[in-house]
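Undergrad: give me coordinates for this.
(chains A, B, C and D)
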2 protein chains.
Amino acid sequence: MSTSQEDLRRIALAEFASAGYGATSLQRIAELAGLSKSSVLYHYGSKEQLLEAAIGPAIDRMDEILAPLERGGLSESRTEFLEEFVDFLLQYRLEVNMFINQGPSLEDVPVIDRANALILRLAEFLTANTASVEEKMRFGIALGGAAYMLCTVHARGLDAPPIDETRAALVTIMSELLTPVRIP
Amino acid sequence: MSTSQEDLRRIALAEFASAGYGATSLQRIAELAGLSKSSVLYHYGSKEQLLEAAIGPAIDRMDEILAPLERGGLSESRTEFLEEFVDFLLQYRLEVNMFINQGPSLEDVPVIDRANALILRLAEFLTANTASVEEKMRFGIALGGAAYMLCTVHARGLDAPPIDETRAALVTIMSELLTPVRIP
DNA sequence: TTAGTTTCTGACCGATCGGTCAGTTAGCGT
DNA sequence: ACGCTAACTGACCGATCGGTCAGAAACTAA
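TA: Coordinates of the predicted model:
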């Protein structure tokens, strides 16, 4: 269990997240790790397998956060969820951004399919679990992130609701957000 | 004023926004336009100049939306701003996403500097103009988008507040969002 | 020391990248 | 018909991409 494996994973994750998968070369990862490109491939076999090793744990983590909430709705632990959500975005430095900005060559990579499916689940979940105006307000910040992701999903051309419907939904939500709270 | 120039701009914008700048080849743009790679370069000179032509108008548009609000604060036209904001995100298909996911080769391109500066301005403006809890709620969705962008800016390693401060600010905002409104 | 295994590397491969250039095609005024 | 110009193309360039492979270097066990 040399440190090289773990260092490589960490370095690759940071680079993929910041510059994107297609824009990050194995040569650059190797230089940052103080190794040769051949050594990187020796440890992980291919660039795709390195990607799998780099972002797989992040997807697992988001699954852990999201799965129990989808089963039980949001009746409990709203605070914990949102804190965990933001922590996830910051801790993993939003490498979801990388999942989207993928090159044409990444269309059949399983881990990318998992990531895209997760983003859709997350956006739909956040949108579906804001019934009342008060809920919408409380989840405004999460909704904003979800809206951002939805837009990105649309830009990527993934399977998602028509853009007109998304726009209408966002405008409706925003209209309610802009209406001052009326306490009966 | 042949249609080729405008078609190329539109196609390039869509491809850059969906697949990212580094992952989009001139060959692919040429194929989508029904031209040869040489013709694309004949019209725009280089890939960078094509990028400039593709996203320049989008940056100008966001400047038009943001500039008057920065001068006059948010005392008026909150509704219009948020509607325009969402419209912008959807209309231009969030190609800001592309500004971030740039390769190392794009660090000195002026239009990219403009785009990055715009994202920072937008995030700071949205964060600064939510003083009260009610304001925070109303702008929750916009804040969410801003938070997402801030995270991405951090991931890109651009000049931004330390990530710990950003995290603390987000948690504070969320704590207030999660506190039910008390009407005195 | 010696043998065996793991780790690492440089040289090389085919493919593709952005970009250049000579030359062909097409459109238009005369 | 002609010539001029703008639009377009295929061939080619050096560089870099992900990936392969034979072999050197380093470490361990005896």
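
Undergrad: which ones are touching residue A:47?
TA: residue A:26 (Cβ atoms under 8 Å, 6 or more residues apart in numbering or on different chains). Just so you know, the C-beta spots here come from the backbone N, C-alpha and C atoms, and that holds for glycine as well.

Undergrad: what about residue A:50, is that helix, strand or coil?
TA: helix (DSSP: H, G, I helix; E, B strand; the rest coil).

Undergrad: and what of residue A:39?
TA: Three-state call for residue A:39 (three-state DSSP): helix.

Undergrad: now do the same for the closest residue to it other than its chain neighbours: helix, strand or coil?
TA: Leaving aside its sequence neighbours, residue A:39 sits nearest to residue A:30 (Cβ to Cβ, 6 or more residues apart in numbering or on different chains; 6.8 Å). Under three-state DSSP, residue A:30 falls in the helix class.

Undergrad: and residue A:30, how close does it get to residue A:8?
TA: 9 Å (Cβ to Cβ, to the nearest Å).

Undergrad: common neighbours of the two, please.
TA: Joint contacts of residue A:30 and residue A:8 (Cβ under 8 Å, 6+ apart) are residue A:40.

Undergrad: and residue A:24, backbone torsions?
TA: Phi and psi for residue A:24, reported as degrees, to the nearest 10, are phi -100, psi 120.

Undergrad: same deal with residue A:35?
TA: Backbone geometry at residue A:35, expressed as degrees, to the nearest 10, gives phi -120, psi 180.

Undergrad: that one: neighbouring residues, count only.
TA: Residues lying near residue A:35 (other Cβ atoms under 10 Å in any protein chain shown) number 17.

Undergrad: close to DNA strand C, is stretch A:44-57?
TA: No: judged by Cβ under 7 Å from any atom of the strand, stretch A:44-57 makes no contact with DNA strand C; its nearest approach is 10.7 Å.

Undergrad: buried ones in that stretch?
TA: Residues of stretch A:44-57 classed as buried: A:44, A:47, A:48, A:50, A:51, A:52, A:53, A:54, A:55, A:56 (neighbour count, 16 or more other Cβ atoms under 10 Å in any protein chain shown).

Undergrad: who in chain A is up against DNA strand D?
TA: Checking chain A against DNA strand D by Cβ under 7 Å from any atom of the strand, the hits are A:24-28, A:37-38, A:41-42, A:45-48.

Undergrad: export those residues as a markdown table, with columns for pLDDT.
TA: A markdown table is the format used below for the residues of chain A next to DNA strand D (pLDDT from 0 to 100):
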| residue | pLDDT |
| --- | --- |
| A:24 | 84 |
| A:25 | 89 |
| A:26 | 94 |
| A:27 | 94 |
| A:28 | 92 |
| A:37 | 95 |
| A:38 | 95 |
| A:41 | 95 |
| A:42 | 95 |
| A:45 | 93 |
| A:46 | 93 |
| A:47 | 91 |
| A:48 | 86 |
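
Undergrad: closest one of these to residue A:68?
TA: Ranked by distance to residue A:68 (Cβ to Cβ), these are led by residue A:48 at 30.4 Å.

Undergrad: so where's chain A uncertain?
TA: In the predicted model, chain A carries pLDDT under 70 at residues A:1-4, A:17-19, A:65, A:69-70, A:72-184.

Undergrad: residue of it closest to DNA strand C, please.
TA: Distance from DNA strand C to each residue of chain A (Cβ to the nearest atom of the strand) is smallest for residue A:38, at 3.0 Å.

Undergrad: that residue: neighbour count?
TA: 9.

Undergrad: repeat for residue A:71
TA: 7.

Undergrad: from residue A:64, how far out is it?
TA: Going from residue A:71 to residue A:64 by Cβ to Cβ gives 12 Å.

Undergrad: just confirm the residue nearest to residue A:39 contacts residue A:37, I think it does.
TA: Yes: between residue A:30 and residue A:37 there is a contact at 4.5 Å, judged by Cβ atoms under 8 Å.

Undergrad: which elements pack onto the host helix or strand of residue A:6?
TA: According to DSSP states H and E, residue A:6 maps onto helix A:3-19. Helices and strands touching helix A:3-19, as assessed by 3 or more Cβ pairs under 8 Å, 6 or more residues apart in numbering or on different chains; DSSP states H and E, comprise helix A:26-33, helix A:37-44, helix A:47-72, helix A:96-100, helix B:140-156.

Undergrad: how many neighbours does residue A:34 have?
TA: 10.

Undergrad: contact partners for it?
TA: Applying Cβ under 8 Å, 6+ apart, no residues qualify as near residue A:34.

Undergrad: can you tell me how far it is from residue B:54?
TA: In terms of Cβ to Cβ, residue A:34 sits 38 Å off from residue B:54.

Undergrad: which one of residue A:30 and residue A:37 has more residues nearby?
TA: residue A:30 (18 against 14).

Undergrad: residue contacts, the more buried one?
TA: Here residue A:30 is in contact with A:36, A:37, A:39, A:40 (Cβ under 8 Å, 6+ apart).

Undergrad: dump the residues you listed to a markdown table, plus distance to residue B:16.
TA: Below are those laid out as a markdown table (distance: Cβ to Cβ, whole Å):
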| residue | distance to residue B:16 |
| --- | --- |
| A:36 | 33 |
| A:37 | 28 |
| A:39 | 34 |
| A:40 | 29 |
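
Undergrad: show the buried residues in these.
TA: Buried among the contacts of residue A:30 (16+ other Cβ under 10 Å): residue A:40.
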